[in-house]
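return a 3D structure for these sequence lines:
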Amino acid sequence: MLTAIRLLFDDLKPQRRSSRVLYVFGGFWIFSALVHTGLLAATGFEWSGSVSWRKPILFGLSIGLLLMTVGWILDRLPDRPRLAGTIAWTLGVSSTIEVGLITVQAWRGEASHFDVFEETNATIFALMGAMVGIMSLCLFAVLIWATPDCRLGGDARDRRASGREQTRTRSGHRTTRACRLRDRYERCFA
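The predicted structure is shown next:
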């Protein structure tokens with residue numbers, strides 16, 4: 001049991017710089033969620049309403065876990081430091097701006113979402129939306145990078161064979177497209 005736990009922690013430890021960057025950003029937001037949980041307890045656990053400590057807690061925790069998860073994924077993709085660094089820093093900064101603005105609105109006692117009646121609040125809401133768009137592009141880039149068929153290079157025979165329903169392996173056994181895709185997926189992340 002202890003060996004399994006040790007292996008789990010070894011697997012979760014970031015290996016590359018881009019992953020460490022995302023782990024730091026994620027750790028910061030999880031810590032922020034814990035601090036705001038203490039504030040929630042100190043103010044009487046008022047969870048409902050458009051202005052409460054609920055939003056900094058939920059957004060801090062969810063963005064923190066998202067950033068750490070993306071960092072874990074980046075460790076398992078082919079080593080492309082410039083691409084990984086660009087994705088990590090862009091995702092980390094944009095998510096920090098977005099969750100930071102949500103937190104600032106909670107501290108100001110203002111609703112963070114859909115409050116467009118005052119100019120300041122409308123600007124903050126629009127900036128949050130832009131940051132969500134940038135984060136979505138970063139996550140889409142990770143998805144494309146993690147998709148084996150979309151990467152540059154690879155074996156041309158695999159690409160040609162993926163169009164046919166069945167092919168023969170070197171040993172002469174028939175294999176279906178689903179098996180080949182599964183094998184390619186496992187090979188990419190081994």
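
quick check: mean pLDDT of the helix or strand Leu139 falls within?
Using DSSP states H and E, Leu139 falls within helix 119-146. Taken as a whole, helix 119-146 has a mean pLDDT of 89.

cool, and stretch 43-58?
75.

buried set for the helix holding Leu139?
Asn121, Ile124, Phe125, Met128, Met131, Ile134, Met135, Cys138, Val142, Trp145, Ala146 (16 or more other CB atoms under 10 Å). All C-beta spots, glycine's among them, are computed from the backbone N, C-alpha and C.

could I get the residues you listed as TSV with distance to Gly26?
Formatted as TSV, those follow (distance: CB to CB, whole Å):
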residue	distance to Gly26
Asn121	28
Ile124	23
Phe125	24
Met128	19
Met131	16
Ile134	17
Met135	13
Cys138	14
Val142	15
Trp145	19
Ala146	19
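
how far away from the center of its chain is the helix holding Leu139?
12 Å (CA atoms, centre = their mean, to the nearest Å).

same question, stretch 104-112
25 Å.

mind listing what's buried along it?
For stretch 104-112, by 16+ other CB under 10 Å, it's Gln105, Ala106, Ala111, Ser112.

do the same with stretch 78-85
Neighbour-count burial for stretch 78-85 flags Leu83, Ala84 (criterion: 16+ other CB under 10 Å).

which helices and strands sit right next to the helix or strand containing Leu40?
Element membership of Leu40 [criterion: DSSP H and E] is helix 17-42. The helices and strands touching helix 17-42, judged by 3 or more CB pairs under 8 Å, 6 or more residues apart in numbering; DSSP states H and E, are helix 54-76, helix 81-108.

that helix: which residues count as buried?
18-19, 21-23, 25-26, 28-30, 32-33, 36-37, 40.

below-threshold pLDDT in this protein: ranges please.
1, 47-51, 115, 149-190 (pLDDT under 70).

try 80
Where the chain drops to pLDDT under 80, the residues are 1-15, 43-53, 108-117, 147-190.

what domains does the record give for it?
2-146, 153-190 (automatic domain parsing).

run the chain-centre distance for the first one.
Averaging C-alpha coordinates over domain 2-146 and over its chain gives two centres that are 8 Å apart (CA atoms, centre = their mean).

straight-line length of it, end to end?
31 Å (CA to CA, to the nearest Å).

tilt between the helix holding Leu40 and helix 81-108?
Angle, helix 17-42 to helix 81-108, by axes from the mean of the first three to the mean of the last three CA atoms, to 10 degrees: 10 degrees.

helix 54-76 and helix 17-42, what's the angle between them?
Using the same axes, to 10 degrees, helix 17-42 lies at 160 degrees relative to helix 54-76.
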